[in-house]
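>>> fold the following.
(2 chains)
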Amino acid sequence: MSSSEISVNGIKKYKKKSKSYEVWKRYRKNKAAMVGLVIICALILIAIFANVIADYDTMAIEQHAKQRLQGPSKQNLFGTDAYGRDVFSRIIHGSRISLFIGIASTAFCLLIGGLLGALAGYYGGMLDNIIMRVLDTIMSIPPILLSLSIVAALGAGMRNLMIAVTISRIPSFTRLIRASVLTVVGEEYIEAAKSCGTREYRIILVHILPNAIGPIIVQATMAVAQTILTAAGLSFIGMGIQPPAPEWGAMLSEAREYMRYAPYLTIFPGLAIVISALSLNLIGDGLRDALDPKLKN
Amino acid sequence: MYKYILKRLLIVIPVLLGVTFIVFTIMYFTPGDPVTLILGQDAPMEAKEQLRDELGLNKPFVERYVSFVGNAFKGDFGYSYRTGSPVFLEIFSRFPTTLKLAISSIILATMIGVPIGILSAVKQYSTLDLISSVSAMFLAAIPGFWLGLMMILLFSLKLGWLPSNGIESLASYVLPTISLALPTAAQILRLTRSAMLETIRQDYIRTARAKGATEKIVIWRHALINALLPVVTIVGMHFGTLLGGTVITESVYAIPGVGTLVINSIRMKDTPQVLAAVTLLSALFCFIMLSVDIIYAYIDPRIKARYTK
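This is a model prediction of the structure:
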């Protein structure tokens, strides 16, 4: 449904407004959603230019014994931690980790969940049964416990944390995508593609998935927020990103010991988590209303 | 009706077997040598080898899994590598704490979420609706453990009203319960609100109004009962999630529950303990979901009708 140009005798040019433009027009009217979008864009820019704002090695990692536990000041906007590191720089670099985990893990979920959901929805029958029963079983394990066990088996660290969070999220994604695929499979353009002799993998990849994924975008946005929260939680209990990496959850875990003397250490990383999750949720809410105005109550 | 319950019960068996298989496989690949853990680094090779045989660690994967399931059916989940006592002893001594926490949180979350959700749907776009929607939005973005830390900061360290860790008294349950309940309440609130809004727009509500029923009757008798159907499911689901999800909150408040047991056992590479705890919590989760389905079938006449022909 992209924009198309129709020209009649080269005189009248009529540009049909695309669907995505319509969605954007509706989205733009939603103030809360726009705030969310602006914040997330700012966060992504901060993550990209983190090294320009504060050098990773000297500011976020290197320890300065003389500047331990200094409260917020002009020099150290959010104060310094127990090792004399600037909390502001660490939070900035932490945005790289959290956003990366959130976005990459959700992308993997979409990829794997999309494939499994498309296979289950398109072929149905036995394959559908097997895939869904296996995923039902995975879903019966409380997600946080599943992630914990996987991290325990693979060892802590960025990559393993991502694997753990992704696996525990794949089942719900697959379910959603399967349901969405089922609504697409019956459409006439799929029948048309079939009658043209299009190969099955092409039907699934080119015709079904792009049309089925649309409704999932809202869930995916919210999932990025959820993943950021889960990853921070796992790092907080020492089962995720390991210090000295400036992950927000890990920073909170370190800050806990100094809560009585340096409460600011527990406040700022938490605020960073809340702001990123909140803005993603706002975007998700706005997208849902913009994609389907009927749903808006 | 019994047919439905029986059908649902039968599905649980393969799911539980699958769960034990997944957890067992994950734990199988967990690095760390339990023999060294039990006997210590300097133990002689022969003693290590003998213990390995005794524990069945030399047997192939499938054999170990089958014997694990077989023993589990008899209620024997093995012995902790760390303490040497049956794993269930430790779990059962800690389980009541986790259960109390989960029950009190789900009650609090329901008491906050459902009434406010209904009110903000009935009075859509009112100040109350705005405030509750905005707070729910914020609460959904706040990690439970950070909320916990912030409450410790305020109520324990600054004001000194409530204890910040342990479970010595009833007061110790207050902060953990709130920090578990609030994020859950936010989700229950949002769902209740949208379920209620959807119901209010149904034709039968218009019919009820048209025939002259008072607003009170329309809301209480016609709308509420129907709107609460999905709420029952979501409350049950959250209860199950809370039982298995108190892990991080327990760690924040240093509560000796099953969650902290799981974390400590993972750190100590005490595989049988982790395996038993995760299996038990997953089994509970399954049974809670099953009960939710059965309750749902009882209160939803559409499902009931399908099975009582």
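>>> just checking, A:Ala220 touches A:Leu110?
Yes - at 6.0 Å, A:Ala220 counts as touching A:Leu110 under the criterion of Cβ atoms under 8 Å. In short, each C-beta sits where N, CA and C put it, glycine included.
>>> quick one, helices of the stretch 1-150 of chain A?
Applying DSSP state H, counting those that start in this stretch to the stretch 1-150 of chain A gives helices spanning A:19-29, A:31-48, A:50-53, A:87-123, A:125-139, A:143-154.
>>> out of those helices, nearest to B:Arg193?
Closest of the helices of the stretch 1-150 of chain A to B:Arg193 is helix A:31-48, at 16.2 Å (criterion: Cβ to Cβ).
>>> can you list contacts of that closest one?
The contact list for helix A:31-48, computed with Cβ atoms under 8 Å, 6 or more residues apart in numbering or on different chains, reads A:27-28, A:53, A:92, A:95-96, A:99-100, A:275-276, A:278-283, A:285-287, A:289-290.
>>> and B:Thr25, how many neighbours?
Using other Cβ atoms under 10 Å in any protein chain shown, B:Thr25 is surrounded by 13 other residues.
>>> equivalent analysis for A:Lys31, please.
Neighbours of A:Lys31 under the rule other Cβ under 10 Å: 10.
>>> and whichever residue of the stretch 151-300 of chain B sits closest to chain A, what does it touch?
Using Cβ to the nearest Cβ, the closest approach of the stretch 151-300 of chain B to chain A is made by B:Gly244 at 2.6 Å. Counting by Cβ under 8 Å, 6+ apart, B:Gly244 touches A:141-142, A:144-145, B:281-282, B:284-285.
>>> ok, B:Val35 next?
By Cβ under 8 Å, 6+ apart, the neighbours of B:Val35 are B:43, B:48, B:51-52, B:55, B:57.
>>> which secondary structure state does it sit in?
Following DSSP: H, G, I helix; E, B strand; the rest coil, B:Val35 is assigned to helix.
>>> gap between it and B:Pro272?
In this view, B:Val35 and B:Pro272 are 13 Å apart by Cβ to Cβ, to the nearest Å.
>>> anything in contact with each of those two?
By Cβ under 8 Å, 6+ apart, B:Val35 and B:Pro272 have no common neighbours.
>>> the residue nearest to A:Tyr27 when sequence neighbours are not counted: neighbouring residues, count only.
For A:Tyr27, ignoring the flanking residues on the chain, the nearest one in space by Cβ to Cβ, 6 or more residues apart in numbering or on different chains is A:Ala290 at 3.9 Å. A count of nearby residues for A:Ala290, using other Cβ under 10 Å, gives 20.
>>> quick one: mean pLDDT for the helix or strand A:Ala290 falls within?
For A:Ala290, the host element (DSSP states H and E) is helix A:264-291. Averaged over helix A:264-291, pLDDT sits at 90.
>>> let me know the angle separating that helix from helix A:31-48.
Orientation check (axes from the mean of the first three to the mean of the last three Cα atoms, to 10 degrees): helix A:264-291 against helix A:31-48 gives 130 degrees.
>>> can you report how many residues lie near the nearest residue to B:Asn58 once chain neighbours are set aside?
In space, B:Asn58 comes closest to B:Arg52 once its chain neighbours are excluded; the distance is 5.6 Å by Cβ to Cβ, 6+ apart. If you count neighbours by other Cβ under 10 Å, B:Arg52 ends up with 15.
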